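Peer 1: next comes the sequence, and after it the predicted model I'd like to discuss.
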Amino acid sequence: MSELRLMKGNEALAEAAIRAGADAYFGYPITPQSEVIEYLMTERPEERTGMVVLQAESEVAAINMVYGAAGTGKKVMTSSSSPGISLKMEGISYLAGAELPALIVNVVRGGPGLGTIQPSQADYYQAVKGGGHGDYHMYVLAPASVQEMADFVSDGFEMAFKYRTPVMILSDGLIGQMMEKVVLKDEQKRLTDEEVAERYGDWATTGKKDRERNIITSLYLEPERMEQRVRRLMKKYERMEQEDMRYETIFCDDAEYLIVAYGSSARIAQKTVELARKKGIRAGLLRPITLFPFPTKPLNKLADQVKGVLSVEMNAGQMIDDVRLAIEHKVPAEHFGRTGGIIHTPEEILEALEQKIVKDGSIRHHTTREPSLL
Amino acid sequence: MTQEMIIAGFGGQGVLSMGKILAYAGMLQGEEVCWMPSYGPEMRGGTANVTVILSDDRISSPYLKVYDTAIILNQQSMDKFENAVKPGGILIYDPNGIVSHPTRKDIRIFRVDGYKLATEMGNRKVFNMILLGAFLKIRPVVTIKNVLKGLKESLPERYHHLLPLNEEAITKGMENVFPYDVEKALTAEHV
């Protein structure tokens, strides 16, 4: 039986983890995501499903506990906020290199440095362009509601095991702290070692018995073997784009102007679209749900239809790079966003759209292409 | 219908829980609900506010610049949010501790002596329920039955004996909310 509840984003995520049959959570508290570990400790999931919840001595310890547990084929997760995620980056690179499934949640706060505890989206680059060292990516989900904070836990685990990759849920203080109604899925049983092997392959270190031994490592001293591993990773990322890229469009059918925004900015920008349409500006919204893989193709297609694109992010301009790459300079693209933990209002975004993109209908074309190709 | 409101006052006045009870009651009525607190290092004494949105449609922005209704419980919040009420919207406030009263003529303003009434009832903690009652008298967005259900869900069981007192406070608020005449108040000041 599914269940309807009024919950904070962070609490919904924690409850969803228990219900998704997660085997373990390792974490260390930090605002604005401490409700995750608080909720898990209060719920005593070791009595409900047998799930282990452990507060590590640091973020670094927590991510390495994740590495160890993931190597045994367990569904394992950690969560933190920006400065804590930076500490986990070495471990995340190792998870990607060793091809281990894991779920990492970042409830982003303003930075750089210790920054502020207020919401921000300034960790976009870190989440989608690496963060840790080496040629790797995470599959990155960006929830825009409390419901998605819950849903993306099981979706994230599914992707983590399908691709044997670290998956990140990139949320922020606004989605983590607000309460909305949420429909919770039924509680699933945790998988046995045999069930994991049957569903996802027999790669985990579960005890050798009669088979060849499995080795979990990211160290390959022969360059040829290391390159093979990198190529395998790149193949995975191509497949992710073909099979599991996700996005949503709102009011895009007849849109003349396009806003691209994810997570909490997408929620705020949706109101901007409503306000714009009341003023006679035909605005639409493309919301990337996965930030990696990025919805490059749908965005490129929309650029044939609209006159300009505004990338709205609570940062100084990060996703705008991917937006510009996707639209190949077909139309102008600009960035708007507040930083430092300040949340932009729907009205501020509308003003930016009017000033930077609509400009009383006269659009600046700074494309080098022949008009016939547009 | 969408109702976008802000409840603002000091931490410890029950601002966040008043919002939570409203959101819960809205959910029980099958509405979409959103409760978005200002969160910060301050717990008690600092300013606290919460945005509550009830809608029969998918809710877009949880973060707003203007509101249909503002419930204002201290001077700092009056300074910040009087001008954030949409023209034609509603401002409800408790005059206790307010030195600059609202002056806008394009909104409907109501007063309820919440702090005084709560003191008379012998339990200052029901202050927020008096304000909630006043709000529901002006804008009956949720039924009292669902509010009481919401209260029961959000109060730990050891406080359930206080439910009748809270219900009484809601009724007190409904009976003691009065329109505030800006014109009259401004003239009186000049006399």
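Peer 2: Here it is on my side, so go on.
Peer 1: so which elements touch the lowest-mean-pLDDT helix or strand in chain A?
Peer 2: One helix or strand of chain A scores below all others by mean pLDDT, DSSP states H and E: helix A:193-200, with a mean of 92. With contacts defined as 3 or more CB pairs under 8 Å, 6 or more residues apart in numbering or on different chains; DSSP states H and E, helix A:193-200 has these neighbours: helix A:146-163. Just so you know, the C-beta spots here come from the backbone N, C-alpha and C atoms, and that holds for glycine as well.
Peer 1: chain A: helices as residue ranges?
Peer 2: Along chain A, the segments classed as helices by DSSP state H run A:9-19, A:34-43, A:45-48, A:59-71, A:82-97, A:124-128, A:146-163, A:173-177, A:193-200, A:223-244, A:263-278, A:296-302, A:319-327, A:346-352.
Peer 1: for the spatially most central residue of chain B, name its beta-bridge partners.
Peer 2: Closest residue to the average C-alpha location of chain B: B:Ile71 at 4.0 Å, with CA atoms, centre = their mean. Beta-bridge pairing for B:Ile71 (DSSP bridges): B:Ile7, B:Ile92.
Peer 1: for it, what are its contacts?
Peer 2: When contacts are counted by CB atoms under 8 Å, 6 or more residues apart in numbering or on different chains, B:Ile71 is found next to B:5-8, B:18, B:92-93, B:131, B:135.
Peer 1: repeat that with 10 Å
Peer 2: Going by CB atoms under 10 Å, 6 or more residues apart in numbering or on different chains, B:Ile71 touches B:5-9, B:15, B:18-19, B:22, B:49-50, B:52, B:77, B:81, B:90-94, B:110, B:112, B:114, B:128, B:131-132, B:134-135.
Peer 1: which of these fall in strands?
Peer 2: In this view, the contacts of B:Ile71 that belong to strands under DSSP state E are B:5-9, B:49-50, B:52, B:90-93, B:110, B:112.
Peer 1: can you list these in a markdown table and add neighbour count and pLDDT?
Peer 2: Formatted as a markdown table, these follow (neighbours: other CB atoms under 10 Å in any protein chain shown; pLDDT from 0 to 100):
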| residue | neighbour count | pLDDT |
| --- | --- | --- |
| B:Met5 | 24 | 98 |
| B:Ile6 | 25 | 98 |
| B:Ile7 | 31 | 97 |
| B:Ala8 | 25 | 95 |
| B:Gly9 | 28 | 93 |
| B:Asn49 | 23 | 94 |
| B:Val50 | 25 | 96 |
| B:Val52 | 28 | 98 |
| B:Ile90 | 19 | 98 |
| B:Leu91 | 22 | 98 |
| B:Ile92 | 27 | 98 |
| B:Tyr93 | 28 | 97 |
| B:Phe110 | 17 | 98 |
| B:Val112 | 27 | 97 |
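Peer 1: from these, which single one is nearest A:Leu285?
Peer 2: A:Leu285 lies nearest to B:Val52 out of the ones in strands among the contacts of B:Ile71, by CB to CB, at 24.0 Å.
Peer 1: surely the closest one touches B:Ala8?
Peer 2: No - counting by CB atoms under 10 Å, B:Ala8 is not a contact partner of B:Val52; they are 11.4 Å apart.
Peer 1: quick one: common contacting residues for those two?
Peer 2: Common neighbours of B:Val52 and B:Ala8, counting by CB under 10 Å, 6+ apart, are B:67, B:71.
Peer 1: which of the ones in strands among the contacts of B:Ile71 lies closest to A:Gln118?
Peer 2: B:Asn49 (13.9 Å).
Peer 1: for the closest one, give me its contacts.
Peer 2: With contact taken as CB under 10 Å, 6+ apart, B:Asn49 is in contact with B:6-9, B:11, B:15-16, B:19, B:36-38, B:70-73, B:76-77, B:80-81.
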